[in-house]
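Novice: let me see the structure of the following:
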Amino acid sequence: MSENLDLVRSIYAEWERGDFGHVEWASPDIEYTGVDGLTPGTSRGIPAMGAAWREFVTDWSDFCAEAEGYRELDDERVLVLHRFSGRGRTSGAEVGHTGAACRSPRPPRSGRSATDS
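Specialist: Below you'll find the predicted structure:
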């Protein structure tokens, strides 16, 4: 198992516990791209990535992120199949979404992240 795969697994393990606050794995100039969803776009830098992620997560109650599978695409990129679930904060409707994210941590601490949310 590669260092990148280990890193991506550890990030998702934190997210599965509801811990979205650790960013020591990220480069200060990280690129985060939301491909679809309510707020698609690209954010650059840790503060911008955090703001985009907070905006996404605050639309949910009881938000849960779970990795369903990992695949190393090459020496840099890891594809993660994931499931997000929770309730719509306003509607209360139960929502589930299965998607994929391509994580490119590029050790030691830089990276790109693209996700369909």
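
Novice: all strands for the protein, in order.
Specialist: Under the criterion DSSP state E, the chain contains strands at 31-34, 41-44, 60-72, 78-88, 94-104, 112-115.

Novice: would you format those as a markdown table with distance to Val8 and mean pLDDT included?
Specialist: Using the backbone N, CA and C atoms, a C-beta is placed for each residue, glycine as well. Below are these laid out as a markdown table (distance: least, CB to CB, whole Å; pLDDT from 0 to 100):
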| stretch | distance to Val8 | mean pLDDT |
| --- | --- | --- |
| strand 31-34 | 14 | 83 |
| strand 41-44 | 19 | 87 |
| strand 60-72 | 7 | 92 |
| strand 78-88 | 4 | 92 |
| strand 94-104 | 5 | 85 |
| strand 112-115 | 10 | 54 |
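
Novice: output those strands as TSV; include the columns distance to Phe20 and mean neighbour count.
Specialist: Formatted as TSV, these follow (distance: least, CB to CB, whole Å; neighbours: other CB atoms under 10 Å):
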stretch	distance to Phe20	mean neighbour count
strand 31-34	13	20
strand 41-44	15	14
strand 60-72	8	14
strand 78-88	12	17
strand 94-104	14	16
strand 112-115	13	19
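
Novice: export these to a markdown table and tack on distance to Asp19?
Specialist: Listed next are those as a markdown table, based on distance: least, CB to CB, whole Å:
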| stretch | distance to Asp19 |
| --- | --- |
| strand 31-34 | 18 |
| strand 41-44 | 20 |
| strand 60-72 | 10 |
| strand 78-88 | 15 |
| strand 94-104 | 17 |
| strand 112-115 | 17 |
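
Novice: nearest to Ala13, of those?
Specialist: Among the strands of the chain, strand 60-72 comes nearest to Ala13, with 8.2 Å by CB to CB.

Novice: who does that closest one pair up with?
Specialist: strand 78-88 (antiparallel) (DSSP bridges).
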